[in-house]
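# only the shape, not the letters, is given here:
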């Protein structure tokens with residue numbers, strides 16, 4: 001089993017949608033964390049509850065987490 005952790009930024013609603021669509025394509029468990037809150041990375045409402053004004057940390061674990069990690073490149077925090 002493979003596990004990843006990356007910091008990303010989702011600044012617009014379309015980016016949140018694209019992130020959830022990406023995460024939903026994979027079987028790995030995806031969690032999104034901001035400050036002290038953690039939510040399911042495959043839930044639009046959960047991610048929106050974290051706020052879009054700051055970077056978030058994504059963790060994924062499972063057999064296809066490495067493939068999921070490659071798709072995260074477009075969301076990397078700058």
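Perfect, thanks for sending it. Keep in mind the model is a prediction, meaning the values are calculated, not measured.

# going by C-alpha atoms from here, please, whenever you check contacts or count neighbours.
Fine.

# quick check: end-to-end length of stretch 16-36?
For stretch 16-36, the first and last residues are 19 Å from each other (Cα to Cα, to the nearest Å).

# just the buried positions in it, please.
16-17, 19-20, 23-24, 26, 28-34 (16 or more other Cα atoms under 10 Å).

# so what's the model's average confidence on it?
If you average the pLDDT over stretch 16-36, you get 96.

# what does that stretch contact?
Residues outside stretch 16-36 that contact it (Cα atoms under 8 Å, 6 or more residues apart in numbering) are 10, 38-44, 47-48, 50, 54-65, 68, 71-72.

# pull the distance from that stretch to the chain's centre.
When C-alpha coordinates are averaged (Cα atoms, centre = their mean, to the nearest Å), stretch 16-36 and its chain have centres 4 Å apart.

# and residue 67, helix, strand or coil?
helix (DSSP: H, G, I helix; E, B strand; the rest coil).

# rebuild the buried residues of stretch 16-36 as JSON lines, extending it with secondary structure and distance to residue 6.
Shown next, in JSON lines, are these (DSSP: H, G, I helix; E, B strand; the rest coil; distance: Cα to Cα, whole Å):
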{"residue": "16", "secondary structure": "helix", "distance to residue 6": "16"}
{"residue": "17", "secondary structure": "helix", "distance to residue 6": "18"}
{"residue": "19", "secondary structure": "helix", "distance to residue 6": "13"}
{"residue": "20", "secondary structure": "helix", "distance to residue 6": "15"}
{"residue": "23", "secondary structure": "helix", "distance to residue 6": "14"}
{"residue": "24", "secondary structure": "helix", "distance to residue 6": "17"}
{"residue": "26", "secondary structure": "coil", "distance to residue 6": "16"}
{"residue": "28", "secondary structure": "coil", "distance to residue 6": "15"}
{"residue": "29", "secondary structure": "strand", "distance to residue 6": "14"}
{"residue": "30", "secondary structure": "strand", "distance to residue 6": "11"}
{"residue": "31", "secondary structure": "strand", "distance to residue 6": "11"}
{"residue": "32", "secondary structure": "strand", "distance to residue 6": "10"}
{"residue": "33", "secondary structure": "strand", "distance to residue 6": "10"}
{"residue": "34", "secondary structure": "strand", "distance to residue 6": "12"}
